[in-house]
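Chemist: For reference, the sequence and a predicted model appear below.
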Amino acid sequence: MADVRPSPTRRWNCSWSTASTGSLVRDRAPTACPVETVRDDLLSALARDEPTLGLRPGADRFWRVVLDSPALRAREREIGEHAEAALAAALADHPPLTPYEPPLPALLAGALAGTYRAVLRELRDGVMSGAAPGRVRDAVTPEAVRAFDALCRGLHQVGPLGG
């Protein structure tokens, strides 16, 4: 199991912001897998019950406001698009071991960002269904690990020129 201790050097941001995802992947150790880096950051946030994950009492009201607002949903999509672009740039500038040519960094960023957003959506949907936040977290966490691990295995099968 991955080390899920909080990072003492930065605050985790679950909004999948441009700064957090791009810098997280860009600043990882040269031999570290970018998928594992993002996964471990998310697991750390889940383990310490990061408030921005929306697993606190009353979070369902917040999510309802967001889901009922076309403007907020549009902004959520815009933030996600910017974050995915930053992640693609980070993968292009700091690929895992072998250089990636376009469009591969963008495709990999889309898979990684999509998995991350799906985890957040499962957390939100579980809370909104009335389930206890702790139960939602406990149900989603092992499946998130499985999904990110599958991405990681696939990433390491992609060699130079996609071979």
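Modeler: Yep, that arrived.

Chemist: Against which helices or strands is the helix or strand containing L155 packed?
Modeler: Element membership for L155 (DSSP states H and E) is helix 133-157. Where contact means 3 or more Cβ pairs under 8 Å, 6 or more residues apart in numbering; DSSP states H and E, helix 133-157 is packed against helix 34-47, helix 104-128. In this view, the C-beta of every residue, glycine as well, is placed from N, C-alpha and C.

Chemist: I'd assumed L112 was in contact with A83.
Modeler: No. At 10.3 Å, A83 does not count as touching L112 under the criterion of Cβ atoms under 8 Å.

Chemist: What helix or strand is R61 located in?
Modeler: helix 59-68.

Chemist: ok, residues contacting that helix?
Modeler: Residues from elsewhere that reach helix 59-68 (Cβ atoms under 8 Å, 6 or more residues apart in numbering): G54, L72, R73, E76, R124, V127, M128, G130, P133.

Chemist: Show the pLDDT at the one residue sitting closest to the centre of the chain.
Modeler: In the chain, the centroid-proximal residue (Cα atoms, centre = their mean) is Y116; its distance is 3.3 Å. We have a pLDDT of 92 for Y116.

Chemist: Of the contacts of helix 59-68, which count as buried by neighbour count?
Modeler: G54, E76, R124, V127, M128, P133 (16 or more other Cβ atoms under 10 Å).

Chemist: State the pair within those residues that is farthest apart.
Modeler: Maximum pairwise distance among these (Cβ to Cβ): 20.4 Å, between E76 and P133.
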